[in-house]
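Colleague: mind folding the following:
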Amino acid sequence: MPGHIISVVGGKGGVGKSVFAANLAIAYLQEFKQRPLIVDLDLASLGDQNIILGQNPAKGIVDVSKMQGAAIDPKSLAPFMVNVQAGYSYIGAPRDAILARDLDLEGLGKFLKAAPNIFNLVVVDCGNGMEPWALKTFEYSTAIFVITTADVIVINQTKRVLGKIQELLFPPEMVQLVINKYSASNIINPQMIQKNFNKQIFAAIPEDVVTCDGSLAKSVPFCIGAANTPISRAYHDIVRKIQQVNLLENLSRLKKPTGVLAQPLSSGTAVDGSPVLNDGGPNARTSVAPLDPWTAMKLRIHKALVEQMDLKKTNTDTNDSKQRAVLREKTQKGVLDILNHEDTASLLTTRELKAQIIKEVLDEALGLGPLEDLLADDSVSEIMVNSRDQIYIERAGKPQLSKVTFSSEAQMMNVIERIVTPLGRRVDEKVPYVDARLLDGSRVHVIIPPLALRGPTITIRKFPKKRVEYRDLVNFGSMTEEIADFLRCCVEAKLNIVVSGGTGSGKTTLLNVLSNFIPASERIITVEDSAELQLAQEHVVRLESRPKNIEGEGEVSIRDLIKCCLRMRPDRIVVGECRGGEALDMLQAMNTGHSGSLTTLHSNNPRECIARLETLVMMAGLGLPAKAIKENIASAVGLIIQQSRLSDGSRKITYITEVVGMQGEVVSLQDIFVYKQESLDKKRKIIGRFVPTGFIPKFIEEMEAKGMKVSRSLFGAK
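Modeller: Residues are numbered from 1 along each chain as shown. This next block holds a predicted model:
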């Protein structure tokens with residue numbers, strides 16, 4: 001019966017996977033008295049195993065991969081292999097990165113196929129598991145041992161390794177997780193790691209810095225030089241467990257994918273049509289071919305489409321709906337032409353399947369790929385892409401995992417480029433995050449590696465296709481008809497209003513509704529980071545800030561735009577959100593004849609809103625005394641509307657609060673309306689009501705003097 005290959009990978013440098021590989025093989029030797037083979041295939045470290053084992057072979061795995069002619073057997077391997085006196089054999093990595101480039105993947109595969117017929121156990125140190133030679137080794141392996149530690153960053157990197165192995169369709173049973181350097185005092189325990197990975201931990205190896213450092217200094221594996229230590233016994237326990245549960249015998253029956261590694265791409269184009277350069281070295285970019293026939297067909301069609309229509313030079317991001325329709329029709333004809341030359345009999349057995357693959361290719365070529373269906377679904381209010389295979393959506397205020405996934409991170413990056421390029425933005429290693437918007441106004445935030453450890457992350461805040469009006473908020477239960485009428489009067493009376501709330505609480509939606517109360521005869525200027533407001537009036541000027549360009553110049557901030565709009569004869573200034581020193585400019589505008597201005601602010605309640613306004617004004621850097629800032633706020637802001645997202649996912653106005661003035665050193669506030677939560681129904685929905693506090697705002701008299709009719713009974717305590 002042939003032997004087995006165990007691949008050992010580490011999600012991040014420093015987890016101890018090379019030490020694990022060496023001592024696992026030696027523990028096997030000591031337990032079962034059978035000679036194992038250790039192979040150093042970590043072509044990034046280039047020789048760590050030499051230090052661990054105390055060996056310095058003249059030839060190594062690159063030479064083995066270039067063997068010609070003769071069948072691989074003990075005799076033909078002898079010149080490339082060290083038979084150590086302790087009882088194991090060893091094939092090392094090259095000591096020079098230039099030599100590593102000569103590794104022949106086909107020759108490596110030939111060796112890996114023959115090795116289990118010579119040795120009962122072959123342990124291969126595969127580095128981080130993402131390189132072509134590691135993927136080739138996985139094809140011939142019985143098990144893949146992934147080494148991690150109880151460290152948050154390492155765990156995140158390990159998830160990427162597991163995701164890649166899963167993406168290539170290797171059976172999940174092949175992967176065995178081992179926690180290295182584990183201490184009982186660690187905050188992160190094995191149970192937490194198991195839950196995080198949703199996978200059983202095979203073993204935990206205790207931390208023993210003294211023994212490990214001593215063994216490395218002597219170049220003697222501790223399973224030989226310190227056999228009676230707890231860490232050595234842990235390796236023997238692992239080997240015995242492998243034997244007791246018949247792990248390798250059971251895993252050898254699994255069907256594993258073959259040919260997961262495509263040939264290295266030469267200079268030309270990738271599957272997505274982007275240029276690729278390859279010097280043939282070990283760090284050369286490679287294309288991993290998906291095994292799923294459906295995905296493979298999609299990629300072939302898309303590649304042919306790029307070549308046929310030259311999509312790289314086609315303006316696929318036009319704002320003109322007619323041009324988009326014409327382009328989509330033209331592209332659809334191209335897809336159909338390509339399909340006519342494809343062998344589709346086995347896959348596209350029905351008309352529905354054919355229509356589906358055409359749609360998916362069109363979405364990929366002209367739209368946002370798998371996100372298109374989510375964007376078209378009106379019930380989805382937010383899309384949160386945590387990683388290529390984990391996309392959450394928000395429905396009815398509640399997040400849920402979507403079945404939609406990206407096929408690869410490259411596909412995600414194509415979608416990201418399609419979002420940011422039309423806006424003149426960029427996202428790369430120098431600028432790894434960006435705020436943008438879609439054609440329909442939906443807000444997008446993107447952050448990519450190295451800042452995002454699990455791969456590119458996309459968050460899309462969708463806006464309703466139909467403009468939200470106050471009646472909609474009344475129907476949703478966010479406010480009552482009486483409160484809506486009161487707020488209309490406040491806007492028409494030119495009160496300066498701050499909408500306060502947390503992230504996702506509905507501040508921008510409420511600001512839109514309030515802005516639409518502004519009389520159509522007035523000139524409105526909006527200032528935003530990313531244009532989101534949808535005003536119904538015609539006399540509107542929309543301004544949007546601009547980030548720095550590639551040279552680090554050309555930035556136009558919110559502060560700059562507020563100063564500009566003061567010279568543009570505004571009747572109203574609407575600032576999408578105050579996040580920094582622009583709060584001072586906004587307050588000055590409110591205090592210098594631009595009453596009726598509106599803005600939003602992040603805070604949890606009206607009192608915190610005042611404190612946050614103070615902090616933001618200080619960020620302007622003028623060194624104003626605290627009392628002067630408070631007096632400025634008290635005289636400028638008339639009303640604070642607190643918007644909250646409750647535990648059941650609903651969004652409601654929870655406070656309407658008047659800024660009364662100053663009392664000593666404190667800005668005085670008085671609640672006018674509050675939302676009181678009373679109970680929960682059977683579906684865990686919050687039951688509550690809007691309650692007036694009995695306080696009549698001071699500005700009511702000013703409203704009445706202007707001819708507005710506001711019923712005093714509206715404020716009666718109930």
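Colleague: low-confidence regions, the stretch 401-550 of the chain specifically.
Modeller: 549-550 (pLDDT under 70).
Colleague: so where do the strands sit in it?
Modeller: Secondary structure of the stretch 401-550 of the chain (DSSP state E, counting those that start in this stretch): strands located at 433-437, 443-447, 457-461, 497-501, 524-528, 540-544.
Colleague: need those in a markdown table (columns: distance to residue 166).
Modeller: Placement of C-beta: from N, CA and C, glycine included. Listed next are those as a markdown table, based on distance: least, Cβ to Cβ, whole Å:
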| stretch | distance to residue 166 |
| --- | --- |
| strand 433-437 | 27 |
| strand 443-447 | 23 |
| strand 457-461 | 19 |
| strand 497-501 | 39 |
| strand 524-528 | 41 |
| strand 540-544 | 41 |
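Colleague: for residue 240, which of the ones you listed is the nearest?
Modeller: strand 457-461 (42.3 Å; Cβ to Cβ).
Colleague: any weak-confidence spans in the stretch 201-350 of the chain?
Modeller: Counting by pLDDT under 70, the stretch 201-350 of the chain has low-confidence residues at 258-292, 303, 306-321, 343-346.
Colleague: now stretch 341-359: buried residues?
Modeller: Neighbour-count burial for stretch 341-359, counted by 16 or more other Cβ atoms under 10 Å, picks out 348, 357-358.
Colleague: please report how far the closest residue in space to residue 486 that isn't next to it in sequence lies from residue 499.
Modeller: In space, residue 486 comes closest to residue 714 once its chain neighbours are excluded; the distance is 6.4 Å by Cβ to Cβ, 6 or more residues apart in numbering. Remark: distance between residue 714 and residue 499 (Cβ to Cβ, to the nearest Å) = 21 Å.
Colleague: quick one: mean pLDDT for stretch 664-683?
Modeller: Mean pLDDT, stretch 664-683: 90.
Colleague: buried residues in that stretch?
Modeller: 667, 669, 671-675.
Colleague: thinking again about what came up before, hang on, the residue nearest to residue 486 packs against residue 692?
Modeller: Yes - with contacts counted by Cβ atoms under 8 Å, residue 714 reaches residue 692, the gap being 6.7 Å.
Colleague: between those two, which is the more surrounded one?
Modeller: More neighbours surround residue 692 than the other of residue 714 and residue 692, with 20 against 16 (other Cβ atoms under 10 Å).
Colleague: quick check: bridge partners of the more buried one?
Modeller: Residue 692 has these beta-bridge partners by DSSP bridges: residue 673.
Colleague: what score does it have for pLDDT?
Modeller: 91.
Colleague: same check on residue 1?
Modeller: pLDDT, read off for residue 1, is 64.
Colleague: before we move on, the earlier item: so which of the buried residues of stretch 664-683 comes closest to residue 116?
Modeller: Distances from residue 116 to the buried residues of stretch 664-683, taken by Cβ to Cβ, are shortest for residue 675, at 69.2 Å.
Colleague: residue 689 is in contact with the closest one, correct?
Modeller: Yes - in this structure, residue 675 is within contact of residue 689 by Cβ under 8 Å, at 7.4 Å.
Colleague: quick one: the helices in the stretch 51-200 of the chain?
Modeller: With DSSP state H, counting those that start in this stretch, the ranges of helices along the stretch 51-200 of the chain come out as 61-65, 74-77, 97-100, 105-114, 132-140, 152-167, 190-197.
Colleague: closest to residue 329 out of these?
Modeller: If you check each of the helices of the stretch 51-200 of the chain against residue 329 by Cβ to Cβ, helix 152-167 wins as the nearest, at 33.6 Å.
Colleague: tilt between the closest one and helix 190-197?
Modeller: On the basis of axes from the mean of the first three to the mean of the last three Cα atoms, to 10 degrees, helix 152-167 is oriented at 50 degrees to helix 190-197.
Colleague: report the rounded mean pLDDT for helix 152-167.
Modeller: Mean pLDDT, computed over helix 152-167, is 83.
Colleague: could you do stretch 187-195 as well?
Modeller: For stretch 187-195, mean pLDDT is 84.
Colleague: and it, what's buried?
Modeller: In terms of neighbour count (16+ other Cβ under 10 Å), stretch 187-195 has its buried residues at 188, 190, 193.
Colleague: show me the contacts for the first one.
Modeller: This points to residue 188. With contact taken as Cβ atoms under 8 Å, 6 or more residues apart in numbering, residue 188 is in contact with 150-152, 155.
Colleague: so which of those residues comes closest to residue 585?
Modeller: The nearest member of the contacts of residue 188 to residue 585, counting by Cβ to Cβ, is residue 152 at 40.0 Å.
Colleague: next, find the distance separating the closest one from residue 12.
Modeller: To residue 12, residue 152 is 11 Å away according to Cβ to Cβ.
Colleague: the more surrounded of these two?
Modeller: Between residue 152 and residue 12, counted using other Cβ under 10 Å, residue 12 has the larger neighbour count: 20 against 12.
Colleague: got a list of what the more buried one touches?
Modeller: For residue 12, the contacting residues are 128, 153-154, 157-158, by Cβ under 8 Å, 6+ apart.
Colleague: from the residues you listed, which two are the most distant?
Modeller: Farthest apart among those by Cβ to Cβ are 128 and 153. That separation is 14.0 Å.
Colleague: ok, these two, which is more surrounded?
Modeller: residue 128 (20 against 11).
Colleague: my read: the more buried one touches residue 9, true?
Modeller: Yes - with contact defined as Cβ under 8 Å, residue 128 reaches residue 9; the gap is 6.3 Å.
Colleague: where do the contact lists of these two overlap?
Modeller: Counting by Cβ under 8 Å, 6+ apart, the residues touching both residue 128 and residue 9 are 134, 161.
Colleague: geometric centre of this structure: which residue is closest?
Modeller: residue 457 (2.3 Å; Cα atoms, centre = their mean).
Colleague: hey, what's the nearest residue to that residue once chain neighbours are set aside bridged with?
Modeller: Residue nearest to residue 457 in three dimensions, not counting chain neighbours: residue 447, with 5.0 Å by Cβ to Cβ, 6+ apart. Counting by DSSP bridges, residue 447 is bridged to residue 433, residue 457.
Colleague: for the buried residues of stretch 664-683, give me CSV that also has distance to residue 200.
Modeller: Formatted as CSV, these follow (distance: Cβ to Cβ, whole Å):
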residue, distance to residue 200
667, 57
669, 55
671, 54
672, 57
673, 54
674, 50
675, 47
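Colleague: which one among those residues gets closest to residue 22?
Modeller: Nearest to residue 22 among these, with distances taken as Cβ to Cβ, is residue 675, at 64.5 Å.
Colleague: now that closest one, nearest residue through space, not along the chain?
Modeller: Counting by Cβ to Cβ, 6+ apart, residue 654 is the residue found nearest to residue 675 once chain neighbours are left out, at 4.5 Å.
Colleague: relative to the helix or strand that that neighbour is a member of, what are the paired strands and their orientations?
Modeller: Following DSSP states H and E, one finds residue 654 within strand 651-663. Paired neighbours of strand 651-663 in the sheet (DSSP bridges): strand 639-645 (antiparallel), strand 666-680 (antiparallel).
Colleague: tell me which residues of that strand come out buried.
Modeller: By neighbour count on 16+ other Cβ under 10 Å, the buried set for strand 651-663 is 651-659.
Colleague: roughly how far does residue 246 sit from residue 253?
Modeller: For residue 246, the distance to residue 253 (Cβ to Cβ) stands at 10 Å.
Colleague: what about the spatially closest residue to residue 461 that is not a sequence neighbour, how many neighbours?
Modeller: What sits nearest to residue 461 in space, not counting adjacent residues and going by Cβ to Cβ, 6+ apart, is residue 443, at 4.3 Å. Neighbour count for residue 443, taken as other Cβ under 10 Å: 20.
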